[in-house]
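Undergrad: The sequence and its predicted three-dimensional model are supplied below.
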Amino acid sequence: MWRERGIEIKTPAQLQFMRRAGVVVGETLELLREAVRPGITTGELDALAEEHIRRSGAIPSFKGYSHPPYPATICASVNDQVVHGVPGDRVLQAGDIVSIDCGAIVEGFHGDAATTVPVGPVADDVATLLRVAEDALWAGLGAVRMGGRLGDVSHAVERAVRAAGEYGIVPDYTGHGIGSAMHQPPDVPNLGRPGRGPRLVAGLALAIEPMVTLGTDETDVLDDEWTVVSVDGSWAAHFEHTVTPTPDGPWVLTALDGGRAGLGARGLACGAPS
């Protein structure tokens, strides 16, 4: 492991640890997606996540993180909560959406991913929002190519959202480098110009995470010092995966299939090992 301009470059063995962490995260998000229903609380989802992560031999990345120490295993952001929603006694209602962000550590290395889940049927504009945000994520993942630039990823995310209509792309929260710490250089904005920024090289790992709203891109933080909400009350979607470039294409470390289905559906090669 070495660093160039503050960017951590992982060895193949370290990327394998990240893959193991990523599989735990992917399994946890699948478990929680299946558990989401009207009447469940965000705190109950959090308990399910912590139990699964620890049973899998991993450590939750989020619990105790930063200052004030984050108090939970997942972030559970409901409706107009964009990111970092703190789980608790909030009961999910039919027609809500909940963005679930999850991280796990294996042998000191992190995996980080997020998905937004509808609570039963949702309004048409909300369903479209989820599709736009997830498509933007995969556009960004598909731009992770050896020898490319970080700005190519940001531009791909932005272009996908802009092509879909009038949506807010939250500028104040970004994706990030990831490895032996959950948040590392470089930041990965969801807006940008292609051909700019650090080169994408073997051993680099990025967490790409579009945050898209039905309204403006302005946000505020609640009194808990964590939960980020849209200023205009518009609903938000958040999707995320951890990815590393390979000579054969992106390897999505937090997708259970390595990204084959998501990339293949868009006509893109996947670099996940056979």
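TA: In hand now; what should we look at?

Undergrad: what element comes up after whichever strand or helix holds G43 heading to the C-terminus?
TA: Assigned by DSSP states H and E, G43 belongs to helix 42-55. Next helix or strand after helix 42-55 toward the C-terminus (DSSP H and E): strand 59-60.

Undergrad: Which residues does the helix holding G43 contact?
TA: 24, 27-28, 31-32, 35-36, 59-60, 63, 72-74, 76, 78, 85, 87-90, 92, 98, 100, 102, 104 (CB atoms under 8 Å, 6 or more residues apart in numbering). C-betas here are computed from N, CA, C, even on glycine.

Undergrad: cool, stretch 172-182 as well?
TA: Residues outside stretch 172-182 that contact it (CB under 8 Å, 6+ apart) are 1, 7-8, 10, 14, 18, 61-62, 65, 82-83, 103, 108-112, 140, 183-190, 204-209, 211, 219, 228, 240, 242.

Undergrad: Tell me the buried residues in it?
TA: 173-180, 182 (16 or more other CB atoms under 10 Å).

Undergrad: distance between the ends of it?
TA: End-to-end distance of stretch 172-182: 18 Å, with CA to CA, to the nearest Å as the criterion.

Undergrad: In a helix, L263, correct?
TA: Yes - L263: assigned to a helix according to DSSP: H, G, I helix; E, B strand; the rest coil.

Undergrad: ok, now which ones touch it?
TA: With CB under 8 Å, 6+ apart, L263 has these contacts: 138, 141-142, 249-250, 252, 269-270.

Undergrad: most neighbours, which of those?
TA: Highest neighbour count within these, by other CB atoms under 10 Å: P250, with 32 neighbours.

Undergrad: you'd agree that residue is up against V243?
TA: Yes - between P250 and V243 there is a contact under CB atoms under 8 Å: 5.1 Å.

Undergrad: and for the two, which residues touch both?
TA: Contacts common to P250 and V243, judged by CB under 8 Å, 6+ apart, are 141, 144, 259.

Undergrad: Let me know whether the last one touches R266 as I believe.
TA: No - between G259 and R266 there is no contact, the gap being 10.4 Å when judged by CB under 8 Å.

Undergrad: So these two - more neighbours on which side?
TA: Shown here are G259 and R266; by other CB under 10 Å, G259 has more neighbours (26 against 12).

Undergrad: Which neighbouring residues are in contact with that one, exactly?
TA: Here G259 is in contact with 141, 241, 243, 250-252, 270, 272 (CB under 8 Å, 6+ apart).

Undergrad: Looking at the residues you listed, which are in strands?
TA: Using DSSP state E, the members of these that fall within strands are 241, 243, 250-252.

Undergrad: nearest to R131, of those residues?
TA: Within the ones in strands among the contacts of G259, the smallest distance to R131 is 16.1 Å, found for H241 (CB to CB).

Undergrad: and that closest one, bridged to which residues?
TA: Here H241 sits in beta bridges with I208, going by DSSP bridges.

Undergrad: State the distance from it to R159.
TA: Note on H241: its distance to R159, by CB to CB, to the nearest Å, is 18 Å.

Undergrad: ok, the two, which is more surrounded?
TA: Neighbours per residue, other CB under 10 Å: of H241 and R159, the larger number sits with H241, 29 against 17.

Undergrad: Number of residues surrounding A13?
TA: So A13, with other CB under 10 Å, has 10 neighbours.

Undergrad: Quick check: which element contains it?
TA: Assigned by DSSP H and E, A13 belongs to helix 12-35.

Undergrad: Just give the number of residues close to T242.
TA: Neighbours around T242, by other CB under 10 Å: 30.

Undergrad: what do you get for A47?
TA: 14.

Undergrad: how close does it sit to E209?
TA: On the measure of CB to CB, A47 and E209 end up 24 Å apart.

Undergrad: And stretch 94-113, what's buried?
TA: 96-106, 109-113.

Undergrad: returning to what we had before: got the buried residues for the helix holding G43?
TA: Within helix 42-55, the residues scored as buried using 16+ other CB under 10 Å are 42-46, 48-50, 52-53.

Undergrad: Stretch 28-45 now?
TA: 28-29, 31-32, 36, 40, 42-45.

Undergrad: Would you map the strands across the stretch 101-250 of the chain?
TA: 109-118, 168-169, 175-177, 184-188, 206-208, 211-213, 219-221, 228-230, 236-238, 241-246, 249-252 (DSSP state E, counting those that start in this stretch).
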